[in-house]
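Chemist: Sequence and predicted model, in that order:
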There are 2 protein chains.
Amino acid sequence: MHFDLGEAIEVLERTPGTLAYFLTGLSDGWLLCDEGEGTWNVTQVIEHLIEGEKTNWIPRLQILLREGENAVFTPFVRLPSEDSSHDRPIRQKLSEFKALRLENIARLKTLIHTDAQLELTGSHPAFGTVKARELLSTWVVHDFTHLAQIARVMAKRYGEDVGPWTAYLGILKNR
Amino acid sequence: MHFDLGEAIEVLERTPGTLAYFLTGLSDGWLLCDEGEGTWNVTQVIEHLIEGEKTNWIPRLQILLREGENAVFTPFVRLPSEDSSHDRPIRQKLSEFKALRLENIARLKTLIHTDAQLELTGSHPAFGTVKARELLSTWVVHDFTHLAQIARVMAKRYGEDVGPWTAYLGILKNR
């Protein structure tokens, strides 16, 4: 086990700025490409990250700390809500993600004061008993998942362009 | 086919700053973890990217433009050279990567003036005939590969910490 609250926050606080640096100013070709029918483009990944800040990580931690296993977490809607404004420029979405994330990190710091709190348990709709520490570790790994996904989605745009080098580039085969 | 020199440069010029934003100031726990025996940590990935700037992409493009298929590219040494100073802080390595990358993008712009040049061919030690366009596309996808790798290596550090959520986190199973 490696979870450490300070180290987790190091990652959580860097993700929005990292994505903003990487994605701001890119051509639509990069921002709107996807991995085919039913897959997300980069812009949709950012919408999903925003949704997580609003409804998943901190809201679930609050339920866990307040209710323990007496209240089951609301299932996380993986897809952005229908009424989210899809036409806003990605720059604005990245800013929203950053603002929400910084707010949530501030909340996290007011919610968790002791290592003992990390062992407190809540009730996940699919998994049953889960620990605060597991929820927070998952928040971090979820960031990594979507950083890697963004790199993979963009890489596949050049899947044919690389010619024979495709043999050395495993990222083009992953999903 | 999607390759466009301007769009490729958009990515190439963002990668070093993206990595610097993400990695600078992280604890050693994040920078020195790996995926097990014989795999790279984040710091070694940055050393590999530096090596590519020095010996792979632009040097190969120059050989291709100058010699065509008369000269075979020098095989790319994937591992950083033994004498590279492993003890420099990652901040310095990231700066070196950025400086080399900016130099190489400047060189790229002086080397390629026409779309016709992108169809010129060189000789790869394993693949035989390759096009300039394929080499440049591979440079871009290589960046994505290592961005995704860094996210994956760091994610796996929390592989056990996420508890039952491991079922939803495919990144923990990839290699």
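Modeler: Yep, that arrived. Residues are numbered from 1 along each chain as shown, chains lettered A, B, ... in the order given.

Chemist: Quick check: A:Leu135 touching A:Gly122?
Modeler: Yes: proximity of A:Leu135 to A:Gly122 meets the contact threshold set by C-beta atoms under 8 Å, at 7.4 Å. (Each C-beta comes from the backbone N, C-alpha and C, glycine too.)

Chemist: what do these two both touch?
Modeler: Taking C-beta atoms under 8 Å, 6 or more residues apart in numbering or on different chains as the contact criterion, the common neighbours of A:Leu135 and A:Gly122 are A:Arg60, A:Leu64.

Chemist: So the residue nearest to A:Val11 when sequence neighbours are not counted: helix, strand or coil?
Modeler: In space, not counting the residues next to it along the chain, A:Val11 is nearest to A:Val140; the distance is 5.1 Å by C-beta to C-beta, 6 or more residues apart in numbering or on different chains. Per DSSP: H, G, I helix; E, B strand; the rest coil, the secondary structure class of A:Val140 is helix.

Chemist: now the helices for chain A?
Modeler: Per DSSP state H, chain A carries helices over the ranges A:5-23, A:28-32, A:42-55, A:57-67, A:90-111, A:115-118, A:132-156.

Chemist: what's the most buried one of those?
Modeler: Among those, helix A:132-156 has the highest mean neighbour count (mean count of other C-beta atoms under 10 Å in any protein chain shown), at a mean of 24.

Chemist: Just want the angle from it to helix A:90-111.
Modeler: 160 degrees (axes from the mean of the first three to the mean of the last three C-alpha atoms, to 10 degrees).

Chemist: other SSEs contacting helix A:132-156?
Modeler: Here helix A:132-156 is seen to pack against helix A:5-23, helix A:42-55, helix A:57-67, helix A:115-118, strand A:121-124, helix B:132-156 when contacts are counted using 3 or more C-beta pairs under 8 Å, 6 or more residues apart in numbering or on different chains; DSSP states H and E.

Chemist: Distance from it to the middle of the chain?
Modeler: Its chain's C-alpha centre lies 6 Å from the corresponding centre of helix A:132-156 when counted by C-alpha atoms, centre = their mean, to the nearest Å.

Chemist: quick one, it and helix B:5-23 angle?
Modeler: 160 degrees.

Chemist: that older thread, so which of the helices and strands packed on helix A:132-156 gets nearest B:Ala167?
Modeler: Closest approach to B:Ala167 among the helices and strands packed on helix A:132-156 is made by strand A:121-124 (10.8 Å; C-beta to C-beta).

Chemist: So which elements touch that closest one?
Modeler: Helices and strands touching strand A:121-124, by 3+ C-beta pairs under 8 Å, 6+ apart, are helix A:57-67, strand A:128-131, helix A:132-156.

Chemist: what does the average pLDDT come to for it?
Modeler: Model confidence over strand A:121-124 averages 98 on the pLDDT scale.

Chemist: Not counting its own residues, what contacts that strand?
Modeler: Outside of strand A:121-124, the residues that reach it under the criterion C-beta under 8 Å, 6+ apart are A:60, A:63-64, A:67-73, A:129-132, A:135, B:164.

Chemist: Likewise for stretch A:151-160?
Modeler: With contacts defined as C-beta under 8 Å, 6+ apart, stretch A:151-160 is touched by A:29-30, A:33-35, A:39-42, A:45, A:166, A:169, A:171-172, A:174, B:1-3, B:11, B:137, B:140-141, B:144-145, B:147-148, B:151.

Chemist: rerun at 7 Å
Modeler: In this structure, residues lying in contact with stretch A:151-160 by C-beta atoms under 7 Å, 6 or more residues apart in numbering or on different chains are A:30, A:33-35, A:41-42, A:166, A:171-172, A:174, B:1-3, B:137, B:140-141, B:144-145, B:147-148.
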